[in-house]
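**Student:** no sequence for this one, just the structure:
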Ligand SMILES: [Zn+2]
């Protein structure tokens with residue numbers, strides 16, 4: 001492949017842009033802002049679940065307490081009824097009612113103790129609900145902040161990427177297609193640099209120094225000849241800094 005030396009030099013600029021584009025893509029995948037957003041979103045889901053759990057338990061206890069109160073009301077009504085029957089009752093009935101009133105009183109005591117216990121648990125759960133809601137609000141704030149930072153980063157990456165893409169397109173317009181095709185092929189095959197400066201006898205891509213015979217080949221090549229590194233395959237761009 002032959003190409004004008006100026007076009008060959010443009011490869012250096014192209015390689016620099018491509019290196020930055022690869023770094024930008026890497027940053028996009030690995031930025032802590034991305035991981036932070038995912039983590040805070042997970043935390044938020046856990047916080048939502050905790051609120052639901054606490055509120056469900058509170059609701060269950062409220063329902064139990066209402067049932068308990070209804071039962072106590074029944075016992076009290078029965079007590080009032082029995083007491084009403086006492087007046088004017090014969091001795092046998094009085095004895096029966098007295099026995100039942102004793103049972104009712106004990107029953108009421110048990111039910112009221114249970115209700116008290118329920119209400120104490122309900123108070124404790126109310127604290128849990130409050131804490132869970134506070135944690136949820138904090139988790140929501142954390143997500144908002146993480147998303148804000150991630151969006152800032154993304155916008156920054158987007159604009160840099162667009163700028164570099166534009167520069168790349170402009171550059172390509174001025175370069176022979178054959179040279180660009182070769183450059184792109186080397187780059188995709190090797191996954192590294194497609195072109196680099198031959199700097200003080202070293203390949204700028206793999207950093208290896210060219211041996212005597214490789215240098216002789218490069219020296220013998222015409223300026224418009226495209227030469228490549230024998231080690232890494234990168235196109236070697238020659239300038240005054242090349243040391244040949
Ligand atoms: Zn090399």
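**Tutor:** Thanks, I have it. Bear in mind that the values here come from a model prediction, so they are computed numbers and not experimental data.
**Student:** so residue 69 touches residue 115, yeah?
**Tutor:** Yes - in this structure residue 69 lies within contact range of residue 115 using CB atoms under 8 Å: 6.6 Å. C-beta coordinates here come from the backbone N, C-alpha and C atoms, glycine included.
**Student:** the more surrounded of these two?
**Tutor:** residue 115 (17 against 14; other CB atoms under 10 Å).
**Student:** For residue 3, the count of nearby residues, please.
**Tutor:** 21.
**Student:** Check which helices and strands the longest helix seen in the chain sits against.
**Tutor:** When the chain is parsed with DSSP state H, its longest helix is helix 91-173. Contacts defined by 3 or more CB pairs under 8 Å, 6 or more residues apart in numbering; DSSP states H and E place helix 91-173 against helix 5-30, helix 32-86.
**Student:** These: which one's closest to the ion?
**Tutor:** Proximity to the ion (CB to the ion) singles out helix 5-30 among the helices and strands packed on helix 91-173, at 12.3 Å.
**Student:** Tell me the buried residues in the closest one?
**Tutor:** 7, 8, 10, 11, 12, 14, 15, 17, 18, 20 (16 or more other CB atoms under 10 Å).
**Student:** how about CSV for those residues, with pLDDT and distance to the ion added?
**Tutor:** As requested, those are arranged in CSV below (pLDDT from 0 to 100; distance: CB to the ion, whole Å):
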residue, pLDDT, distance to the ion
7, 95, 20
8, 96, 16
10, 96, 19
11, 97, 14
12, 96, 14
14, 97, 17
15, 96, 12
17, 97, 19
18, 95, 16
20, 96, 20
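**Student:** need the contact list for the residue sitting nearest the centre point of the chain.
**Tutor:** Residue closest to the average C-alpha location in the chain (CA atoms, centre = their mean): residue 38, at 1.2 Å. If you count contacts by CB atoms under 8 Å, 6 or more residues apart in numbering, residue 38 has none.
**Student:** Contact residues of the chain facing the ion?
**Tutor:** 203, 205, 206, 229, 231, 232, 234 (CB under 5 Å from the ion).
**Student:** Okay, and which of these map to strands?
**Tutor:** Secondary structure from DSSP state E places residue 203 of the residues of the chain next to the ion in strands.
**Student:** Just put the residues of the chain next to the ion in CSV and tack on neighbour count and pLDDT.
**Tutor:** Listed next are those as CSV, based on neighbours: other CB atoms under 10 Å; pLDDT from 0 to 100:
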residue, neighbour count, pLDDT
203, 23, 96
205, 24, 94
206, 16, 93
229, 23, 95
231, 15, 92
232, 18, 92
234, 25, 96
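**Student:** how much space is there between the nearest residue to residue 100 once chain neighbours are set aside and residue 70?
**Tutor:** Spatial nearest neighbour of residue 100, excluding adjacent residues (CB to CB, 6 or more residues apart in numbering): residue 82 at 5.8 Å. As for residue 82, its distance to residue 70 is 19 Å (criterion: CB to CB, to the nearest Å).
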